[in-house]
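Asker: give the three-dimensional model of this entry:
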Amino acid sequence: MTAITINIPDRKVSFFKKLIAEMGWTYEVKEEKAQPKAKAHLYDPETGEYLNDKTMKAIEDVRSGKEPVYEMKSMDEFKAWCESL
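Answerer: Purely as a prediction, here's the structure:
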């Protein structure tokens, strides 16, 4: 006996099951393992590198609202903020 793996579109499964029965074949359904969620990454074309995990976490924290976003109204306000660090 030879085992062959075939991926069938959901809309064609019933047709395929009828064909299998007609041909006298057997089949086995295997559940696909869920793929792990891909980690977000950003590419910097100037350096040719991806941002590191610490930087990506900071970006994700801002996106999700965990960290506040500061709006500077002027360069003087930005300068004062930088000097306060």
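Asker: counting neighbours, what do you get for residue 23?
Answerer: Burial of residue 23 is recorded as 8 neighbouring residues (other C-beta atoms under 10 Å). To be clear about C-beta, it is placed using only N, CA and C from the backbone, and glycine gets the same treatment.
Asker: any idea how far residue 27 is from residue 67?
Answerer: From residue 67 across to residue 27, the span is 51 Å (C-beta to C-beta, to the nearest Å).
Asker: strands of the protein, residue ranges please.
Answerer: 43-44, 49-50 (DSSP state E).
Asker: Provide the strand pairings for the last one, with the direction of each partner.
Answerer: Okay, so that is strand 49-50. Strand partners for strand 49-50, identified by DSSP bridges, are recorded as strand 43-44 (antiparallel).
Asker: quick one: mean pLDDT for the partner strand?
Answerer: Model confidence over strand 43-44, given as mean pLDDT, is 85.
Asker: tell me how far it is from the chain's mean position?
Answerer: How far strand 43-44 lies from its chain's middle: 17 Å, per C-alpha atoms, centre = their mean, to the nearest Å.
Asker: any buried residues in stretch 45-54, and which?
Answerer: Buried residues in stretch 45-54, counted by 16 or more other C-beta atoms under 10 Å: residue 51.
Asker: in the protein, which spans are helices?
Answerer: Secondary structure of the chain (DSSP state H): helices at 13-23, 53-63, 75-83.
Asker: export those to a markdown table and tack on distance to residue 7?
Answerer: Converted to a markdown table, these look like this (distance: least, C-beta to C-beta, whole Å):
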| stretch | distance to residue 7 |
| --- | --- |
| helix 13-23 | 11 |
| helix 53-63 | 33 |
| helix 75-83 | 54 |
